[in-house]
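> Task: produce atomic coordinates for the following.
(one chain, ligands or ions: 2)
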Amino acid sequence: MEFQKNILLVDDEKEVLETWSDLLKESIENCQVSKAINREEALSMLEKGTPYSVALVDLRMPDEKDGLAVISDIHGLSPFTTIFAFSAYLNPLNIDESFKNGAFAVIDKGWQYQEKITINLVQSGIALYNLHKSHLYELSEVLTNVCDTDFYFIEHNERVSEYAVMIGEKLLSGSGGKWKDVNIEELRIGGRLHDIGKAFIPKEILGKPGKLSDEEYMLVKTHVKKGAELIKKESTTLQNIRLAIEEHHLWYAPSDRGVGYPVEKGQQARKGNEISQMGRILAVADALDAMTSNRFFDKDRPLEEVIEVLLDFSKDQFDPEIIKIFGEKEFVERVRTFRDAEAKKRDEAKKRKEMK
Ligand SMILES: [Fe+2]
Ligand SMILES: [Fe+2]
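Ligands and ions are numbered 1, 2, ... in the order given. Predicted structure coming up:
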């Protein structure tokens, strides 16, 4: 499905409208940009019924209240439009008012790299709009790109997504309805987003070879909550994914070998079937990739060895029913083919980098 990419720009300066219109068209393939120089023009465009996925609204127009009023107009007439308030004069009051009137985020015209950030935000705004309009997949792609440019981070998310889909398909095919909560598209997105919260953790910690200090590990563990919070606000349609993100480090049957996280103070961690089916699948997909493509070692661990570890941790860390499918030759071969192709891609990329 093609993304709806209509963007509405509202600014009282003609030059600003032209510059942004050109920049957006250059950076976002096939986007359409409508320009309004005041509230009146913006309103007449909205009333024509064009579905705008994103609106960029200058807060400071000749009439002080105009920017905020336009935000509220757009929000009222087109509630799914992702609205960004845009200003060189942000203050706590107009930021607050922008959110109250329906803005999704504010952009400070004075930010360093403001253009780049804005383009990325507009792209995620487009995805968000389209998500509300039912298409989920591309959102994860955009969010992944926006939140982090760390290569391993992106690749790991992609591979976890692929493994999760393989596991989900396998479980669905033989379950007799037992894995009915599993939705393949949601798994695909969930995999891509499962570590999105790591975008908030300093790179030096994420990339640190060797053991993390207790403090650093505590910080890394916050990625599940942070990732889930990022999703929470966006859409009711993403609730299953949000939950799976929050649960992907929980242990199926906590034992003296571990319990996983997050565990709230004074509370028991969710376990067993209290963890969503998608959360349990993501946990296995995540571990599978973490073990087969360790970023800190040159050599990948042989798949047989990884499966041994999964088997060893089946019944406490992982749902044994999921681990059971790794006993099936055909499934293991599917995993191996994918993993080998990924490893080859990685090697080639590494060689290209070395040749530069
Ligand atoms: Fe994680
Ligand atoms: Fe992960």
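> Tell me the confidence at whatever residue of the stretch 201-350 of the chain ends up closest to ligand 2?
Using Cβ to the ion, the closest approach of the stretch 201-350 of the chain to ligand 2 is made by D286 at 4.2 Å. C-beta: built from backbone N, CA, C; applies to glycine. We have a pLDDT of 96 for D286.
> That one and D340: what is the separation?
20 Å (Cβ to Cβ, to the nearest Å).
> between the two, who's got more neighbours?
D286 (21 against 12; other Cβ atoms under 10 Å).
> V220: how many residues sit nearby?
By other Cβ under 10 Å, the residues close to V220 number 18.
> next one: N120
17.
> So that it lines up with my notes, have the first residue be 24 from now on.
Understood, numbering begins at 24; the last thing we discussed is N143.
> Surely it is within a helix?
Yes. According to DSSP: H, G, I helix; E, B strand; the rest coil, N143 belongs to a helix.
> and it, how far is that from N153?
Distance, N143 to N153, by Cβ to Cβ: 16 Å.
> For G72, what is the enclosing helix or strand?
Using DSSP states H and E, G72 sits within no helix or strand.
> Tell me, how many residues neighbour it?
For G72, the neighbour count with other Cβ under 10 Å is 8.
> Just list whatever residues bridge to I30.
According to DSSP bridges, the residues that bridge with I30 are V56, V77.
> What residues does it make contact with?
Neighbouring residues of I30 by Cβ atoms under 8 Å, 6 or more residues apart in numbering: 47, 51, 54-57, 75-79, 145, 149.
> Looking at the residues you listed, which is nearest ligand 2?
Of all the contacts of I30, I149 has the smallest distance to ligand 2: 26.3 Å, by Cβ to the ion.
> Where does the closest one sit, in terms of helix or strand?
According to DSSP H and E, I149 maps onto helix 137-155.
> before we move on, the earlier item: top of the contacts of I30 by number of neighbours, please.
Among the contacts of I30, A78 has the most neighbours (other Cβ under 10 Å), with 33 neighbours.
> now the strands for the stretch 174-323 of the chain?
Counting by DSSP state E, counting those that start in this stretch, the stretch 174-323 of the chain has these strands, from start to end: 273-278, 281-283.
> Could I get the CA-only coordinates of the longest one as PDB?
Spelled out, that is strand 273-278. Presented in PDB, the C-alpha positions along strand 273-278 are these (Å, rounded to 0.1, in the frame of the first residue of the first chain):
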ATOM      1  CA  LEU A 273      10.600 -11.500  31.100                       C
ATOM      2  CA  TRP A 274      11.300 -15.100  32.000                       C
ATOM      3  CA  TYR A 275       8.700 -17.700  31.400                       C
ATOM      4  CA  ALA A 276       9.300 -19.500  34.700                       C
ATOM      5  CA  PRO A 277      11.600 -17.500  36.900                       C
ATOM      6  CA  SER A 278      14.100 -19.700  38.600                       C
END
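> State the distance from the residue in the stretch 74-223 of the chain that ligand 2 sits nearest to to A308.
Minimum separation of the stretch 74-223 of the chain from ligand 2 (Cβ to the ion) falls at D218, amounting to 4.2 Å. D218 sits 11 Å away from A308, taking Cβ to Cβ as the criterion.
> before we move on, the earlier item: please identify the most buried of the strands of the stretch 174-323 of the chain.
Mean neighbour count (mean count of other Cβ atoms under 10 Å) peaks for strand 273-278 among these, with a mean of 20.
> what helix or strand is R369 on?
Applying DSSP H and E as the criterion places R369 in helix 352-378.
> Mind listing what's buried along that helix?
Across helix 352-378, burial judged by 16 or more other Cβ atoms under 10 Å covers F354, V358, R362, E365, R369.
> of all these, which two lie farthest apart?
Spatially, the most separated pair among these is F354 and R369, at 22.7 Å (Cβ to Cβ).
> shared neighbours of D218 and A308, anything?
V183.
> interface residues of the stretch 274-379 of the chain facing ligand 2?
Contact residues, the stretch 274-379 of the chain versus ligand 2 (Cβ under 5 Å from the ion): D309.
> so where's the stretch 274-379 of the chain shaky on pLDDT?
Counting by pLDDT under 70, the stretch 274-379 of the chain has low-confidence residues at 317-322, 376, 379.
> run the last query once more with 80
For the stretch 274-379 of the chain, the stretches with pLDDT under 80 are 316-323, 369-379.
> What is the helix holding I149 packed up against?
helix 37-50, strand 77-81, strand 105-110, strand 128-131, helix 160-170 (3 or more Cβ pairs under 8 Å, 6 or more residues apart in numbering; DSSP states H and E).
> what comes into contact with the helix or strand following the second one?
Past strand 77-81, further along toward the C-terminus, the next helix or strand under DSSP H and E is helix 89-100. Judged by Cβ under 8 Å, 6+ apart, the contacts made with helix 89-100 from elsewhere in the structure are 31, 33, 35, 61-62, 65-66, 69-70, 75, 78, 80-84, 104, 106, 108, 110, 117, 120-121, 124-126.
> Sounds good, over and out.
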